[in-house]
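**Q** Sequence and predicted structure are below.
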Amino acid sequence: KKLSFDPKLKKRKLSTRFRTWLLVAYLSSPFKFKAPKGIRTTDLPTYSAFTEMADKYRKNRAELRAFLAKLPDDLMDKEIYKHPFAGRLPLSEMLLFFEVHFRRHEKQARRALEKA
C-alpha cells in the first residue's frame, strides 16, 4: 500500500545485517522490554481461545505467503519493511524478525501457563 508511489528502495547493506543481528539478540535475551509507542495494549484482546488464535495465525500466514509469492524477486533484498527499532529491513530479515518475535511470545505464554 505505502509502496504504490514507487519509491527508490535501498539494497540491503552490511549495516542492515548488523541491525538485524542486534534485533535478534535483543529479542532472544531474557530481559523484558516495553513495546514500541505505536503498539497500544488497548487494541489487544483480553481473552482469546487458543483455537481461534491458531486459526487466525494460520490464515494470516497463508495470506502473507501468497502476498510474498506475488512480489518480484528483485524486491527480496531491498529494505522494505520498517521496524520501529531496527529501521528498514529486507523481506527475508522481516520474516526472521517475525519468527524470533513469535518465539519470544511463545516462551512468555508457556511461562504464564506454568504459573497458572
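**A** Perfect, I can see it now. Residues are numbered from 1 along each chain as shown.
**Q** Quick check: phi and psi at Gly87.
**A** phi 80, psi -160 (degrees, to the nearest 10).
**Q** what's the distance between it and Phe18?
**A** 11 Å (CB to CB, to the nearest Å). Bear in mind the C-beta positions are built from the backbone N, C-alpha and C, glycine included.
**Q** of these two, who's got more company?
**A** Gly87 (14 against 11; other CB atoms under 10 Å).
**Q** quick one, strands of this structure?
**A** Listed in chain order, the strands of the chain (DSSP state E) span 79-83, 87-90.
**Q** any idea how far the residue nearest the centre of the chain is from Lys78?
**A** By CA atoms, centre = their mean, the chain has its centre lying nearest to Phe98, at 3.3 Å. Phe98 is 17 Å from Lys78, where distance means CB to CB.
**Q** pLDDT value on the spatially most distant residue from the centre of the chain, please?
**A** For the chain, the residue at maximal distance from the C-alpha centroid (CA atoms, centre = their mean) is Ala116, at 27.9 Å. At Ala116, the pLDDT value in this model is 78.
**Q** Quickly note the distance from it to Arg110.
**A** 11 Å.
**Q** Quick check: neighbours shared by these two?
**A** Residues touching both Ala116 and Arg110 (CB atoms under 8 Å, 6 or more residues apart in numbering): none.
**Q** hang on, the earlier thing: name the residues contacting each of Gly87 and Phe18.
**A** When CB under 8 Å, 6+ apart defines a contact, no residue borders Gly87 and Phe18 alike.
**Q** Report the buried residues of the biggest helix by length in the chain.
**A** Secondary structure of the chain read by DSSP state H shows that its longest helix is helix 91-115. Applying a neighbour-count criterion of 16 or more other CB atoms under 10 Å, the buried positions in helix 91-115 are Leu91, Glu93, Met94, Leu96, Phe97, Val100.
**Q** what's the spacing between that helix and its chain's center?
**A** When distances are taken as CA atoms, centre = their mean, to the nearest Å, helix 91-115 is centred 10 Å away from the chain's centroid.
**Q** ok, now stretch 83-98?
**A** 7 Å.
**Q** now stretch 23-36
**A** Using CA atoms, centre = their mean, the offset of stretch 23-36 from its chain centre is 13 Å.
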